[in-house]
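>>> the following comprises the amino acid sequence and a computationally predicted model.
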Amino acid sequence: MGDLRCVFLAFCDFCNKGSTTCTGKTLRKICTDCNIYTDNLNENKVDVRFRQHTGNVKRDVDYDGFLEFIDGPFSDAYACAYKVSKRAAIEALKSKIAAGWPQLNNTTEVVCEEGLELLTDVKLFTGIHRARFDPETGKGLGKDEKECNASCNGYVYSGTNMTTYDLSHAYTSPAKKDC
């Protein structure tokens, strides 16, 4: 059963990096990825059997404790759910776990759609966004390459009504600042 040990350690490491012990979370991952759960053998029943095996003080088991759990309460619950003998339940559990491997569940897959290309290809950008990127490399030009048309005249961007103010009423400071 060297295969079973390797798979057990892979599941333990997947759930908690560097761990060599099985917790309730690791056991749920093993049962989910190895397709052990059914209608008659659900998470709650397996958790109750695991707690029965570990007791109230201990939270995890090592590989030898895991084998004892398979030979004891887990095989009893499996035999009851599948209506097989205890020996057949032990063999079925060990073979299912040895054939399994930790999987990434509920992960997002890469999407390649036409609409996504419009968002990521800088050659297709329009308006002011086009000036912010180098069309050949696709990289942003950064702060230095942006045009700076700032004026110190006190008016906003469009400059509407900028020349209509009567300067005879304007206050002139003795220390005129240079923009």
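Noted; the coordinates are in hand.
>>> identify the residues contacting the nearest residue to Asn35 once chain neighbours are set aside.
Of all residues not flanking Asn35 in the chain, Lys96 sits nearest, at 6.8 Å (C-beta to C-beta, 6 or more residues apart in numbering). In this view, the C-beta of every residue, glycine as well, is placed from N, C-alpha and C. If you count contacts by C-beta atoms under 8 Å, 6 or more residues apart in numbering, Lys96 has them with 34-36.
>>> buried residues in the host helix or strand of Asp13, which are they?
If you go by DSSP states H and E, Asp13 is part of helix 2-15. By 16 or more other C-beta atoms under 10 Å, the buried positions in helix 2-15 come out as 4, 7-8, 11-12, 14-15.
>>> again with stretch 91-99
Residues 92-94, 96-98 are the ones in stretch 91-99 that count as buried (16+ other C-beta under 10 Å).
>>> closest to Val84 among these?
The closest of the buried residues of stretch 91-99 to Val84 turns out to be Ala92 (C-beta to C-beta; 7.1 Å).
>>> send the alpha carbons of the helix or strand that contains the closest one over as CSV?
Using DSSP H and E, Ala92 sits in helix 86-99. Extracted in CSV, the C-alpha atoms of helix 86-99 (Å, rounded to 0.1, in the frame of the first residue of the first chain):
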residue,chain,number,x,y,z
LYS,A,86,-16.6,-5.1,6.0
ARG,A,87,-13.6,-6.8,4.2
ALA,A,88,-15.0,-5.6,0.8
ALA,A,89,-15.6,-2.1,2.2
ILE,A,90,-12.0,-1.9,3.4
GLU,A,91,-10.7,-3.0,0.0
ALA,A,92,-13.0,-0.6,-1.8
LEU,A,93,-12.0,2.3,0.3
LYS,A,94,-8.3,1.7,0.0
SER,A,95,-8.6,1.2,-3.8
LYS,A,96,-10.7,4.4,-4.3
ILE,A,97,-8.3,6.5,-2.2
ALA,A,98,-5.2,5.0,-3.9
ALA,A,99,-6.7,5.8,-7.3
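>>> now that helix against helix 2-15, angle please.
For helix 86-99 against helix 2-15, the angle by axes from the mean of the first three to the mean of the last three C-alpha atoms, to 10 degrees is 60 degrees.
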